[in-house]
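Engineer: Let's see this in three dimensions:
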Amino acid sequence: MVKRMVTGAHYGLRDWLAQRITAVVMVVFILCLAGILLISPPHDYAGWKAVFSNQWMRIASFLFLVSLFWHAWVGVRNILMDYVHATGIRLSLQILVILSLLFYTVWSVEILWEL
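Structural biologist: Next up is the predicted model:
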């Protein structure tokens, strides 16, 4: 009988799917933004403000940023789990990354809805 040793957190399929979904969301947003900028490129601050004054553009931008932060979290967490073997240091770095990404999320909301 072969005894298998189980190691790691086994996030495999969920991480793979999260990376793919967030990547698709980001690509769709970038293509839409590129289309908008090709049709009527803003030339000054007022033009950029007009582009992001639409509620749908703010929501799309927020979805893009949340996807970016989630994508980054999965990647950084996997790197930390693979290469930082000291549990205390790894946990500290993970908490620092989580707090940073939460701060960036709140800051994104503040920026997008304060225009």
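
Engineer: From the rest of the structure, what touches stretch 87-99?
Structural biologist: For stretch 87-99, contacts defined as Cβ atoms under 8 Å, 6 or more residues apart in numbering pick out 73, 76, 77, 80, 81, 84. (Glycine included, C-beta is placed from N, CA and C.)

Engineer: Go through the lowest-mean-pLDDT helix or strand in the chain and flag the buried ones.
Structural biologist: Within the chain, confidence by mean pLDDT, DSSP states H and E is lowest for helix 45-51 among all helices and strands, at a mean of 93. Of the residues in helix 45-51, residue 51 count as buried by neighbour count, 16 or more other Cβ atoms under 10 Å.

Engineer: what about dumping the CA coordinates of that helix to PDB?
Structural biologist: Extracted in PDB, the C-alpha atoms of helix 45-51 (Å, rounded to 0.1, in the frame of the first residue of the first chain):
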ATOM      1  CA  TYR A  45      -8.300  66.900 -17.500                       C
ATOM      2  CA  ALA A  46     -11.900  67.800 -18.400                       C
ATOM      3  CA  GLY A  47     -11.900  65.100 -21.100                       C
ATOM      4  CA  TRP A  48     -10.600  62.400 -18.700                       C
ATOM      5  CA  LYS A  49     -13.200  63.500 -16.100                       C
ATOM      6  CA  ALA A  50     -15.900  63.200 -18.700                       C
ATOM      7  CA  VAL A  51     -14.900  59.700 -19.600                       C
END
